[in-house]
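K.L.:
this one's sequence-less:
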């Protein structure tokens, strides 16, 4: 991976909480800027994880300036409460989780991270020209929980009536508090032993069960008219694929331009696997979508 010059971090504040963004200037600017949010179940993830850092590098090398958002994380209680015997081989140890909690700053619930994504979008719009971009071509996107935050921020921008994102880019996102039932092909791909999400992470994110119905917390199933052109990429054998597919259908019914695709051989979180060709294909899709909306 090439090293881009002038990558820097900027301190911001929104909803009474400090956060930071990492700015990746485009190698050869096309005029597009993307505000990007990593995943991690709302309670994990960093600006250094490949889903954030590698994705930003690859897009910047394709001419897109990237503002990667280090949003405030929700409490990590669900991970700390997980019994040791239930931890898989790829899951962090309790000691690793405690170390990440200590380094991550104050833990807060909805709506803080959602409002921080919108603040990052506003900052990127204000500074687009400095990044070689166009203030009218600032998009927003994310992966997994970050896709949720991006979609919620896009709804906020729509409803406030001011400048809104030029495009919405979502990768294996969780858009519904209650996941739609999987289609038969997804159910077959997941197999009979799939563990259905129990909603713990969603409830941990919002804190109050009533907030699960807030469209800014989980946009799926709500009024999505007026959202910008949207590109959705789902992982193949991924229970969240049902949410991405359903959200795509909701957008289409609402008259929003939407393209939905699937990385059939890659599981949830594939942007974190640096050697997975699906990561580069997804970046290519996003770069083409941003190039198209500029014409």
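P.N.:
Happy to help now that I have it. Here the structure is a predicted model, which is why all the values come from computation and not from measurement.
K.L.:
what's the helix or strand harbouring residue 245 packed up against?
P.N.:
Per DSSP states H and E: residue 245 is located in helix 241-253. Helix 241-253 is packed against strand 230-235, strand 258-263, with contacts defined by 3 or more C-beta pairs under 8 Å, 6 or more residues apart in numbering; DSSP states H and E. Backbone N, C-alpha and C define where each C-beta goes, glycine included.
K.L.:
can I get these in TSV including distance to residue 286 and mean pLDDT?
P.N.:
As requested, the helices and strands packed on helix 241-253 are exported to TSV (distance: least, C-beta to C-beta, whole Å; pLDDT from 0 to 100):
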stretch	distance to residue 286	mean pLDDT
strand 230-235	6	98
strand 258-263	11	98
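K.L.:
who's in contact with residue 222?
P.N.:
155, 215 (C-beta atoms under 8 Å, 6 or more residues apart in numbering).
K.L.:
next: residue 257.
P.N.:
229-230.
K.L.:
gap between it and residue 167?
P.N.:
9 Å (C-beta to C-beta, to the nearest Å).
K.L.:
could you do residue 289 as well?
P.N.:
Distance from residue 289 to residue 167, by C-beta to C-beta: 6 Å.
K.L.:
where do the contact lists of the two overlap?
P.N.:
Common neighbours of residue 289 and residue 167 (C-beta under 8 Å, 6+ apart) are 229, 231.
K.L.:
if we can go back for a sec, run through who's touching the helix holding residue 245.
P.N.:
151, 170, 172-176, 179-183, 186, 219-221, 224, 227, 230, 232-235, 258, 260, 262.
K.L.:
which among these end up buried?
P.N.:
Applying 16 or more other C-beta atoms under 10 Å to the contacts of helix 241-253, the neighbour count classes 151, 170, 172-176, 179-180, 182, 186, 219-221, 224, 227, 230, 232-235, 258, 260, 262 as buried.
K.L.:
just checking, what packs against the helix or strand of the chain with the lowest mean pLDDT?
P.N.:
Between all helices and strands in the chain, the lowest mean by mean pLDDT, DSSP states H and E belongs to helix 94-103, at a mean of 76. In this structure, helix 94-103 makes packing contacts with helix 77-80, judged by 3+ C-beta pairs under 8 Å, 6+ apart.
K.L.:
how many neighbouring residues does residue 95 have?
P.N.:
8 (other C-beta atoms under 10 Å).
K.L.:
quick check: it vs residue 102, distance?
P.N.:
11 Å.
K.L.:
how about the helices in the stretch 101-250 of the chain?
P.N.:
112-126, 145-160, 184-190, 200-206, 241-253 (DSSP state H, counting those that start in this stretch).
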